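*Asks:* Quick one: sequence plus predicted model below, questions after.
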Number of protein chains: 2
Amino acid sequence: MSAFSFNKLVIFGVGLIGGSLALALRERGAGGTVVGVGRQAGSVERALELRVIDAAATLDDDAALAGALDRADVVLLAAPVAQTRALLERIVPFLDAATIVTDAGSTKGDVIDAARAALGARIAQFVPGHPIAGRESSGVDAALPGLYVDRNVVLCPLPENAPQSVERIAAMWRATGARVGQMPAGQHDRVFASVSHLPHVLSYALVEQILASPDAELKFSFAAGGFRDFTRIAASSPEMWRDICVANRAALLAELDAYTDVLARLRAAIDAGDGAALEAVFARSRAARTAWQERGGKPSAAADTPE
Amino acid sequence: MSAFSFNKLVIFGVGLIGGSLALALRERGAGGTVVGVGRQAGSVERALELRVIDAAATLDDDAALAGALDRADVVLLAAPVAQTRALLERIVPFLDAATIVTDAGSTKGDVIDAARAALGARIAQFVPGHPIAGRESSGVDAALPGLYVDRNVVLCPLPENAPQSVERIAAMWRATGARVGQMPAGQHDRVFASVSHLPHVLSYALVEQILASPDAELKFSFAAGGFRDFTRIAASSPEMWRDICVANRAALLAELDAYTDVLARLRAAIDAGDGAALEAVFARSRAARTAWQERGGKPSAAADTPE
């Protein structure tokens, strides 16, 4: 059926992202055993109950961890990115030489730094990745076999990676129905700072500003459709977005500063009553936004946040 | 049926807003003749064809305009706000003393200034209003009898208005299914600068910033659900939003400056890697956004922009 098959896949953090990968591979007949590893027994028990995984282990049990990693083809890290270094340090003593490790983090530069620190000379085994998919709900109960269909997955291969390792991870994601692309980690972090991380900060900031104003209740009571769409991402996980802002600090600050410059330009035009300047910007933006939508700019409403 | 009835309603600008009022009043059995007035014969002809209005006139025909306004109960201005003064100057020579004039503009301070300049001593006949409803499509073909059901309409009565004039306009909007509230024009303009005008500027600014960056195409190609929601309002009419920004300049600048302050605070927290400060803002925003949504924060997807 699928161009990807495996004997054993080990997922650290069986939530929406890891769980959906497991379900997708099973549905596509990629075969093999899926082992879930969690910090608490509770989280993996639920994944077992839902038959998202075939076996489970917890991080604090050396023997179980060794057993889980023994002869694994692929390890996916799908826990919060801030845990990457600690997780890899825990994994590396039990890691087979033939196992490829990949991740699903929203930022790549910091993940690669953490991986280099934890894996040292074995860094070639780590292929950094980022599936661009999510839903408003999270956790393994929200996992769907179709989550990655027609979604983008970005790989950011390292110079040390063997081409066949990168191809194996690409094949795994393609087997879920995703489109797989590659770019350098620095470029990845700039692109997502711009189209995902910055909009989240801007959206949170609007709600914060209204909250801090004296007539907050009145404002909320008259907020309508534009506000609703603009602030939908302000309902995203504060912990996750805190981590992303810190992890992708440099790229995010660069985008935020460029944005502030555009805003200052618009402020000057509003202040001067320069309707022509405003209309030029608004018309250009509308044309670009409309063209993006018409090119099919991710119209799926099911797979929404986080990115 | 309805607590509002009329003999003749005259609508200047029979597009989405004016057309939907006409359809709603007919559906609710409020009776009476609806006359549409347009700048070109073409725009009112389409409204006649669709039976949204019963009769039509064009602005440049004195006799037709006099006939249209003769013994009118209510006149609604539903043309772009920048045309308010010129329209009222055109109307006033033919305006009966008993006719109440109202409008549907998104800004109120500038509309009131224009009305005072055009109507002079007859300003008591003008009751400023703002129905908070819209759709992504515009024009009379997009008009719907249910557009105003459960939507807010804000009236900003003038000290000169007779209470019964204000109540008559309130009753007209209630007959469409809308909730009618009142607030002073200055407060109206601050509230909508905050929850509607500023988000539009911020959304246009993000698309403009991406367009101006060297890797714009790559960024657009990886933009996903968060970008889609955040920038949906950047597809709004550039002319309309240009006019609103200029008309509501003072209130919009105040909100924009307060927003820029919040953004500077978040920038400092990102720069310092102060995760706790970021999480506090994000958590507060999420709680407020979630509470707003749960209170029923205008969940209708049909009535979207403009506001």
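*Replies:* Structure's in. What do you need?

*Asks:* Summarise which helices and strands the helix or strand of chain A with the lowest mean pLDDT is packed against.
*Replies:* Least confident helix or strand, chain A: helix A:41-49 with a mean of 88, by mean pLDDT, DSSP states H and E. When contacts are defined as 3 or more Cβ pairs under 8 Å, 6 or more residues apart in numbering or on different chains; DSSP states H and E, helix A:41-49 sits against strand A:33-38, strand A:55-58. Just so you know, the C-beta spots here come from the backbone N, C-alpha and C atoms, and that holds for glycine as well.

*Asks:* Strands of the stretch 1-150 of chain A, start to end?
*Replies:* A:8-12, A:33-38, A:55-58, A:74-77, A:100-103, A:126-127, A:129-131 (DSSP state E, counting those that start in this stretch).

*Asks:* Contact partners for the residue lying closest to A:I11 once chain neighbours are set aside?
*Replies:* Spatial nearest neighbour of A:I11, excluding adjacent residues (Cβ to Cβ, 6 or more residues apart in numbering or on different chains): A:G18 at 4.0 Å. Residues in contact with A:G18 (Cβ atoms under 8 Å, 6 or more residues apart in numbering or on different chains) are A:I11, A:F12, A:G36, A:L76, A:A78, A:A104, A:V140, A:A143.

*Asks:* so which two of these are the farthest from each other?
*Replies:* Taking Cβ to Cβ as the measure, the contacts of A:G18 span a maximum distance of 15.1 Å, between A:F12 and A:A143.

*Asks:* higher neighbour count, these two?
*Replies:* The neighbour count for A:F12 versus A:A143, taken as other Cβ atoms under 10 Å in any protein chain shown, is higher for A:F12 (27 against 24).

*Asks:* who's in contact with the closest residue to chain B within the stretch 1-150 of chain A?
*Replies:* At 5.4 Å from chain B, A:I132 is the closest residue in the stretch 1-150 of chain A, using Cβ to the nearest Cβ. A:I132 is in contact with A:R151, A:N152, A:V153, A:V154, A:E307, B:F222, B:A224, counting by Cβ under 8 Å, 6+ apart.

*Asks:* Go through the residues you listed and name the one with the lowest pLDDT.
*Replies:* Minimum pLDDT across the contacts of A:I132 is recorded for A:E307, with 45.

*Asks:* just to revisit the earlier point, let's see if you can find the most crowded of the contacts of A:G18.
*Replies:* Greatest neighbour count in those, by other Cβ under 10 Å, goes to A:G36: 30 neighbours.

*Asks:* dump the residue contacts of that one.
*Replies:* Contacts for A:G36 were tallied using Cβ under 8 Å, 6+ apart; they are A:10-11, A:14, A:18, A:22, A:44, A:47-48, A:52-53, A:55-57.

*Asks:* try 7 Å this time
*Replies:* Applying Cβ atoms under 7 Å, 6 or more residues apart in numbering or on different chains to A:G36 gives the contacts A:I11, A:V14, A:V44, A:A47, A:I53, A:A56.

*Asks:* Repeat that for A:Q40.
*Replies:* A:T58 are the contacts of A:Q40 under Cβ under 7 Å, 6+ apart.

*Asks:* Low-confidence regions, chain A specifically.
*Replies:* A:1-2, A:298-307 (pLDDT under 70).

*Asks:* How about the residues of the stretch 1-150 of chain A by chain B?
*Replies:* With Cβ under 7 Å from any Cβ of the partner chain as the criterion, the stretch 1-150 of chain A meets chain B at residues A:I132.

*Asks:* what's the most buried one of the helices and strands packed on helix A:41-49?
*Replies:* The highest mean neighbour count among the helices and strands packed on helix A:41-49, using mean count of other Cβ atoms under 10 Å in any protein chain shown, belongs to strand A:33-38: a mean of 25.

*Asks:* That strand pairs with which strands, parallel or anti?
*Replies:* strand A:8-12 (parallel), strand A:55-58 (parallel) (DSSP bridges).

*Asks:* For A:P184, find the nearest of those strands.
*Replies:* A:P184 lies closest, by Cβ to Cβ, to one member of the strands paired with strand A:33-38: strand A:8-12, at 25.1 Å.

*Asks:* now the most centrally placed residue in chain A: how far from A:R151?
*Replies:* Nearest to the mean C-alpha position of chain A, by Cα atoms, centre = their mean, lies A:S106 at 3.7 Å. A:S106 sits 14 Å away from A:R151, going by Cβ to Cβ, to the nearest Å.

*Asks:* next one: A:S138
*Replies:* 16 Å.

*Asks:* These two: who's more crowded?
*Replies:* A:R151 (21 against 17).

*Asks:* okay, now the nearest residue to the more buried one once chain neighbours are set aside: neighbour count?
*Replies:* Ranked by Cβ to Cβ, 6+ apart and with sequence neighbours excluded, the top spatial neighbour of A:R151 is A:A133, at 4.3 Å. By the measure other Cβ under 10 Å, the count of residues near A:A133 is 29.

*Asks:* Look up phi and psi at A:A133.
*Replies:* Here the main-chain torsion angles of A:A133 (degrees, to the nearest 10) amount to phi -160, psi 160.

*Asks:* does it really touch A:V149, like I thought?
*Replies:* No - using Cβ atoms under 7 Å as the test, A:A133 is too far from A:V149 to be in contact (9.2 Å).

*Asks:* Leaving out chain neighbours, which residue sits closest to the residue of the stretch 1-150 of chain A closest to chain B?
*Replies:* Nearest non-adjacent residue to A:I132, counting by Cβ to Cβ, 6+ apart: A:N152, 4.4 Å away.

*Asks:* And the longest helix that chain A contains, what does it pack against?
*Replies:* Scanning chain A for the helix with the most residues, using DSSP state H, yields helix A:249-271. Using 3 or more Cβ pairs under 7 Å, 6 or more residues apart in numbering or on different chains; DSSP states H and E as the contact criterion, the elements in contact with helix A:249-271 are helix A:198-211, helix A:275-294, helix B:198-211, helix B:249-271.

*Asks:* Next, the buried residues of the second one.
*Replies:* I take that to be helix A:275-294. A:275, A:277-279, A:281-286, A:288-289, A:292 (16 or more other Cβ atoms under 10 Å in any protein chain shown).

*Asks:* Turn these into TSV, including distance to B:F4.
*Replies:* Supplementary listing: the buried residues of helix A:275-294 in TSV, determined by distance: Cβ to Cβ, whole Å:
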residue	distance to B:F4
A:G275	37
A:A277	43
A:L278	38
A:E279	38
A:V281	42
A:F282	37
A:A283	39
A:R284	44
A:S285	40
A:R286	37
A:A288	44
A:R289	39
A:W292	44
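
*Asks:* Chain A - how does it break down into domains?
*Replies:* For chain A, automatic domain parsing gives the domain ranges A:8-183, A:188-294.

*Asks:* bridging residues for A:P131?
*Replies:* Beta-bridge pairing of A:P131 under DSSP bridges involves A:V153.

*Asks:* what's the burial count for it?
*Replies:* Per other Cβ under 10 Å, the neighbour tally for A:P131 reads 27.

*Asks:* now swap in A:P93 and tell me
*Replies:* Neighbour count for A:P93, taken as other Cβ under 10 Å: 10.

*Asks:* do the same with A:L21
*Replies:* 30.

*Asks:* ok, now the one 4 residues further on?
*Replies:* A:L25: 24 surrounding residues under other Cβ under 10 Å.

*Asks:* Is A:I100 in contact with A:E167, as I believe?
*Replies:* No - the pair A:I100 / A:E167 is not scored as a contact, 10.2 Å apart, by Cβ under 7 Å.

*Asks:* the more surrounded of those two?
*Replies:* Counted by other Cβ under 10 Å, A:I100 and A:E167 do not tie: A:I100 has more neighbours, with 22 against 17.

*Asks:* Next, count neighbours for the spatially closest residue to that one that is not a sequence neighbour.
*Replies:* Distance criterion Cβ to Cβ, 6+ apart; nearest residue to A:I100, sequence neighbours excluded, is A:S165 at 4.9 Å. By other Cβ under 10 Å, the residues close to A:S165 number 22.

*Asks:* Could you check which helix or strand contains A:S165?
*Replies:* Element membership for A:S165 (DSSP states H and E) is helix A:163-174.
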